[in-house]
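Participant: turn this into a structure:
(chains A and B)
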Protein chains: 2
Amino acid sequence: MDKLRIGIIGFGTVGKGVYQILMGDKDTHPILKQIEIANIVVKNIHKKREVNIEKNLLINDPNKLIDDPFIDVIVEVMGGTDIAKDIILKSLRNGKSVVTANKAVMARYGEEIHKVASENGAYILFEAAVCGGIPIIEPLKRSLKSNQIIKMAGIINGTTNFILSKMSTEKAAFKESLELAQKLGYAELDPSADVEGQDAADKISILSELAFGGKIDRNKIDTEGINKIDLKDIEYAEKLGFEIKLLAVSERNKDNNINNSLPLNIWVGPTLIPKSHPLSTIEGVNNAILVEGDPIGEIMLYGPGAGSGPTASSVVSDILSLKALSIKKNISKDRVIDPLLSFNFWRKCHVINSEQIRKKNYLRIICEDTPGVIGKIGYIFGNNDVSIESIIQLDARENEAEIVVITHHVPKGNIDISKNQLNALPEVKFIAAQLNCI
Amino acid sequence: MDKLRIGIIGFGTVGKGVYQILMGDKDTHPILKQIEIANIVVKNIHKKREVNIEKNLLINDPNKLIDDPFIDVIVEVMGGTDIAKDIILKSLRNGKSVVTANKAVMARYGEEIHKVASENGAYILFEAAVCGGIPIIEPLKRSLKSNQIIKMAGIINGTTNFILSKMSTEKAAFKESLELAQKLGYAELDPSADVEGQDAADKISILSELAFGGKIDRNKIDTEGINKIDLKDIEYAEKLGFEIKLLAVSERNKDNNINNSLPLNIWVGPTLIPKSHPLSTIEGVNNAILVEGDPIGEIMLYGPGAGSGPTASSVVSDILSLKALSIKKNISKDRVIDPLLSFNFWRKCHVINSEQIRKKNYLRIICEDTPGVIGKIGYIFGNNDVSIESIIQLDARENEAEIVVITHHVPKGNIDISKNQLNALPEVKFIAAQLNCI
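Facilitator: Predicted coordinates:
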């Protein structure tokens, strides 16, 4: 059988992992031997590398691959946004299918990229862009396609889950836990994309487009990170039977379509999860995602969210999907495209205004330790239609009390008004924390 | 686009679920509307049914579908073994692809069925045969194909997991829990296939063939059920920090291939699982399966193991996979077959003799409450190269003591010899229980 000829662009952690799977001597399915690496594009051909690699595989001009008619598939694992995007689009325009691990590019330019792929009879596959080794893109495209997806909720950023796990198990402060994550290579030198929740927002945006079928306006996703989480909140959560995790949620709104567009509640934020909930047990750099569908019910996919091996495993599985189609046999603009493996938006969606998202809330309020203050707090919430699950005084010292309020599901707008009125109470010093609950 | 015409054989729980997905008005991907149900084969056309169904869809001769050249796919959801097997084989021989939920047929006649499918350019798909709604067959065929699979371990029988959950949370006896399961429709009137572990053995056999690529001799799988589990063992497991679950395990042996055949440790049995382990949290009729691969590491897939909706979701996803291939466009014996979606054995495997399987063991020994008995027990194990993790006296009354021994990983043969010698000790009354540990 003809081998599939691929060109790899980038030879960092992921690129090396792909090379090791394809050139290794592991006891794997024979189809892996039907993939041939034509060339690997690197910046510096002469750099010393850990991996023992044939020197004549390395080149430094990506165009040599993109313009080579004997290359079937381009594997973009260089990272970054603008140059990577250009390489992806140019490859697709040349009729070559592309496999990428680039979530930033897919979250920002997914619509354009899918369109160009479709126009040129090529595929754009990106299993490695979300949740490392966990198969989630493929199940959404295939196994779960028989369902109406209701909701997805997941821990989809390994860096923040590592930091929160450290804070929870060792009572280590945020700064200290972040520094450890950086030392171990789990966090970047500039960790803002991870700790501020933007990476998780990229991923839930990509997953939402696949699950619900409409273009997501990435910038409308209400996003909060973990950088303001206090050890105090982790301690209180523990006492009340919760773990704090950075959760990404995307949910079909129960209201009907508005102007033929499906309203979605999408948000990313630190969240109290009951210890009996399967997501509360996900530790370290692992990821997990719950998908609720009709009629399947709830399934959970769990595994390593990052790392060379797991991410490369996803990249290679995408390469195999292209090999399986024998795409080289019928390269032409009018070839038949697999409607599950390819992706086309099939409807309109919109992210609802964050004021309208209904959530459960955890609020930690610092106030004077005087009688009647719990009553006044309860009165304000009730007045704003905020139904309360519990109000607990958890700590009191020197005339100061810490009160934790857990609400039922209420619109964010009602919470914001309540917070303004609470801050105006003479007994309330300040609101020290506001987190989500599930 | 041409619709895919399917014939459904059987209209029980699963068949109804498939009908409801395909004929329903859920907000799903438009590809679902490209499937057309030609006919449904039932025993009695005139029987009153819960589902409102067009009367002229129902017929009672399966051959009308199997021999109809305008039917693309046969969906076998009638259950049973012999007749179902004949229908599957005849359909494949007519060049029709088949989707089935029938684990008993696939575990017993998989080799013949795969061969006939392959010879006739047709597909046999069976996602619904294992773990209900959980996508596990497809990930093994596709996403995980880039890996060398090391091990699978799972809770893959919902009935026994429901019974064990009841026994553990409510301290209900086995018999009582089984009766409840029967009342709720989770266990059959003759529950032996489930409670004796044969259903789980069918499933792990199917999964092992896909993961390791060789024919599995189903009868060589060491299989034990949950019918002998005593509440006492559940109580002790709890005290020691474990849950008891019916586990199915399939693992590549670390020894080299023997006569070019890969040795596999495959077994099904009640097992103590540490409470910190993700599999210990799986409750009720849910299933979960851990897959360990190189380089992916460990992933877990969790979800509903049975039920009309989840199982039908898997059946329909298989139908969609066939639709995506546009198989009707090129029905012919020499058409190009998708090498991932189809399955051919690519090597030899063999199940190693159960005496050689290395496991951790839990033994509960009833003996006289005399000094020195723990020493004698320890001596016998040591003498037979059985390394011990702990020996604990857990209960003593009226000159009788209950001693629990947990071993390290040792071959079953060494345990068997030790048990014989323990039974010969005058202080030992009997060995009340032997379970596995992980």
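
Participant: span of stretch A:58-70 from start to end?
Facilitator: For stretch A:58-70, the first and last residues are 17 Å from each other (CA to CA, to the nearest Å).

Participant: check which residues of that stretch are buried.
Facilitator: A:58-59, A:62, A:65-66, A:68 (16 or more other CB atoms under 10 Å in any protein chain shown). C-betas here are computed from N, CA, C, even on glycine.

Participant: list just the nearest of the residues you listed to chain B.
Facilitator: A:Leu65 (21.2 Å; CB to the nearest CB).

Participant: tell me the contacts of the closest one?
Facilitator: With contacts defined as CB atoms under 8 Å, 6 or more residues apart in numbering or on different chains, A:Leu65 is in contact with A:7, A:9, A:38-39, A:41, A:59, A:71, A:74.

Participant: which pLDDT value belongs to it?
Facilitator: A:Leu65 carries a pLDDT score of 97 in this model.

Participant: sec struct for it, please.
Facilitator: When classified by DSSP: H, G, I helix; E, B strand; the rest coil, A:Leu65 comes out as helix.

Participant: and what of A:Glu112?
Facilitator: Secondary structure for A:Glu112, judged by three-state DSSP, is helix.

Participant: without its sequence neighbours, what residue ends up closest to A:Ser97?
Facilitator: Among residues not flanking A:Ser97 along the chain, A:Tyr123 sits closest, at 4.1 Å (CB to CB, 6 or more residues apart in numbering or on different chains).

Participant: thought A:Ala117 was touching the one you found, still the case?
Facilitator: Yes: using CB atoms under 8 Å, A:Tyr123 makes contact with A:Ala117 at a distance of 6.1 Å.

Participant: can you pull the residues that touch both of the two?
Facilitator: When contacts are counted by CB under 8 Å, 6+ apart, A:Tyr123 and A:Ala117 have A:97-98, A:342 as shared neighbours.

Participant: contact partners for A:Leu4?
Facilitator: Counting by CB under 8 Å, 6+ apart, A:Leu4 makes contact with A:34-36, A:72-73, A:319, A:322-323, A:327-328.

Participant: beta partners of it?
Facilitator: A:Ile35 (DSSP bridges).

Participant: hang on, A:Leu180 is in a helix, isn't it?
Facilitator: Yes: looking at A:Leu180 with three-state DSSP, it is inside a helix.

Participant: thought it was touching A:Lys166?
Facilitator: Yes: under the criterion of CB under 8 Å, A:Leu180 makes contact with A:Lys166 at 6.3 Å.

Participant: and the residue lying farthest from the centre of chain A, how far is that from A:Ile137?
Facilitator: Within chain A, A:Pro371 marks the point farthest from the mean C-alpha position, 45.3 Å out by CA atoms, centre = their mean. The gap separating A:Pro371 from A:Ile137 is 56 Å, by CB to CB, to the nearest Å.

Participant: also A:Leu322?
Facilitator: From A:Leu322 over to A:Ile137 (counting by CB to CB), the distance is 14 Å.

Participant: one more: A:Tyr302?
Facilitator: Taken as CB to CB, the span from A:Tyr302 to A:Ile137 is 16 Å.

Participant: near chain B, which residues of the stretch 301-438 of chain A?
Facilitator: A:301-304, A:307-310, A:312-314, A:316-317, A:319-321, A:323-326, A:329, A:336, A:338-341, A:346 (CB under 8 Å from any CB of the partner chain).

Participant: chain neighbours aside, what residue packs nearest to A:Val315?
Facilitator: Going by CB to CB, 6+ apart, A:Val315 has A:Ala128 as its nearest residue, at 4.7 Å.

Participant: restrict stretch A:418-434 to CA atoms and write it as PDB.
Facilitator: C-alpha atoms of stretch A:418-434 as PDB (Å, rounded to 0.1, in the frame of the first residue of the first chain):
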ATOM      1  CA  SER A 418     -26.800  42.400  45.800                       C
ATOM      2  CA  LYS A 419     -23.100  42.900  46.100                       C
ATOM      3  CA  ASN A 420     -23.400  46.700  45.700                       C
ATOM      4  CA  GLN A 421     -26.100  46.800  48.400                       C
ATOM      5  CA  LEU A 422     -24.000  44.600  50.700                       C
ATOM      6  CA  ASN A 423     -21.000  46.900  50.300                       C
ATOM      7  CA  ALA A 424     -23.200  49.800  51.300                       C
ATOM      8  CA  LEU A 425     -24.100  48.100  54.600                       C
ATOM      9  CA  PRO A 426     -22.200  49.700  57.500                       C
ATOM     10  CA  GLU A 427     -21.500  46.300  59.000                       C
ATOM     11  CA  VAL A 428     -19.900  44.900  55.900                       C
ATOM     12  CA  LYS A 429     -16.200  45.700  55.500                       C
ATOM     13  CA  PHE A 430     -15.700  44.100  52.100                       C
ATOM     14  CA  ILE A 431     -16.500  41.100  50.000                       C
ATOM     15  CA  ALA A 432     -13.300  39.000  50.000                       C
ATOM     16  CA  ALA A 433     -14.200  36.400  47.400                       C
ATOM     17  CA  GLN A 434     -16.800  35.400  44.900                       C
END
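
Participant: which of the residues in it are buried?
Facilitator: For stretch A:418-434, the neighbour count (16+ other CB under 10 Å) marks A:418-419, A:421-422, A:425, A:427-428, A:431-434 as buried.

Participant: what's the answer for stretch A:231-250, then?
Facilitator: Neighbour counts over stretch A:231-250 (16+ other CB under 10 Å) mark A:233-234, A:236-237, A:240, A:242-250 as buried.

Participant: next one: that stretch, is it in contact with chain B?
Facilitator: No: using CB under 8 Å from any CB, we find that stretch A:231-250 stays clear of chain B, coming within 13.3 Å at best.

Participant: what about that stretch, average pLDDT?
Facilitator: pLDDT averaged over stretch A:231-250 gives 96.

Participant: restricting to C-alpha, output that stretch in PDB.
Facilitator: Output of stretch A:231-250 as PDB, limited to C-alpha atoms (Å, rounded to 0.1, in the frame of the first residue of the first chain):
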ATOM      1  CA  LEU A 231      -5.900  29.800  50.800                       C
ATOM      2  CA  LYS A 232      -8.800  30.800  53.100                       C
ATOM      3  CA  ASP A 233     -11.300  29.900  50.300                       C
ATOM      4  CA  ILE A 234      -9.600  26.500  49.700                       C
ATOM      5  CA  GLU A 235      -9.800  25.800  53.500                       C
ATOM      6  CA  TYR A 236     -13.500  26.900  53.700                       C
ATOM      7  CA  ALA A 237     -14.400  24.900  50.600                       C
ATOM      8  CA  GLU A 238     -12.700  21.800  52.200                       C
ATOM      9  CA  LYS A 239     -14.700  22.300  55.400                       C
ATOM     10  CA  LEU A 240     -18.000  22.600  53.500                       C
ATOM     11  CA  GLY A 241     -17.200  19.400  51.400                       C
ATOM     12  CA  PHE A 242     -15.900  21.000  48.100                       C
ATOM     13  CA  GLU A 243     -12.800  21.100  46.000                       C
ATOM     14  CA  ILE A 244     -12.000  24.300  44.100                       C
ATOM     15  CA  LYS A 245     -11.200  23.700  40.400                       C
ATOM     16  CA  LEU A 246     -11.000  25.900  37.300                       C
ATOM     17  CA  LEU A 247     -14.000  24.800  35.400                       C
ATOM     18  CA  ALA A 248     -15.100  25.500  31.800                       C
ATOM     19  CA  VAL A 249     -18.700  25.100  31.100                       C
ATOM     20  CA  SER A 250     -20.800  25.300  27.900                       C
END
